[in-house]
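Novice: The amino acid sequence is not available; the structure is as follows:
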């Protein structure tokens, strides 16, 4: 176990230092037959992918309106064929402009970098415009997807985003700064993110509700 830990630490450090080239090395490790190298490859791929996404987040913080992205997770998919095992990667990404537009996308490819690129391209085709009331959501709402349920509650200005990593990424890129969220049921990141999106698309402003009821106020 100690040898495996040293291998993981060495490879992760090397991948982080090498940047994008490290992702290619991580792919090679993940395709290796060695269990230790596969584990090391998984950790190295995630470390390099998160490092790749960090600069985008910094640039987006300069001002609302610029599209930023956050990597939620990368999963390795193994398919057994006659010729052996075929490995692919599945990436889940959230994109948004922090000004009321947000989307979730997924991508599959043989390489980690290509999977992330496809996920970002897929998300940019599915932008949803969500209503905002200052820095929070207009009202309490519950979103569902599969066995996951996400409850969102408006919070006072200055409260911040009180939510899990996946839900916080969606709220942040949508432009919300003060929301409290709680997850129930499955904690699978894909289900949780989609449940969060389901909650956001249910939001309505006071004007929209009055219009649906045929009233002016």
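Specialist: Here it is on my side, so go on. The structure presented is a predicted model; accordingly, all values stated were derived computationally and were not measured.
Novice: Contact partners for residue 173?
Specialist: By Cβ atoms under 8 Å, 6 or more residues apart in numbering, residue 173 lies in contact with 60, 68, 69, 70, 94, 95, 96, 97, 98, 102. Yep, even glycine has a C-beta here, placed from its N, CA and C like the rest.
Novice: And for it, nearest residue in space, chain neighbours not counted?
Specialist: Using Cβ to Cβ, 6 or more residues apart in numbering and skipping residues adjacent in sequence, the residue nearest residue 173 is residue 96, 2.9 Å away.
Novice: how many neighbours does the spatially closest residue to residue 202 that is not a sequence neighbour have?
Specialist: Leaving aside its sequence neighbours, residue 202 sits nearest to residue 141 (Cβ to Cβ, 6+ apart; 5.2 Å). Here the number of neighbours of residue 141 (other Cβ atoms under 10 Å) works out to 19.
Novice: where exactly do the strands run in this structure?
Specialist: For the chain, the strands defined by DSSP state E cover 68-81, 84-96, 101-109, 128-129, 141-145, 148-154, 161-162, 179-185.
Novice: Determine which of these approaches residue 172 most closely.
Specialist: Comparison of these against residue 172 by Cβ to Cβ identifies strand 161-162 as nearest, at 6.3 Å.
Novice: Now do the closest one: everything it contacts.
Specialist: By Cβ under 8 Å, 6+ apart, the surrounding residues in contact with strand 161-162 are 155, 168, 171, 172, 176, 177, 178, 179, 180, 181.
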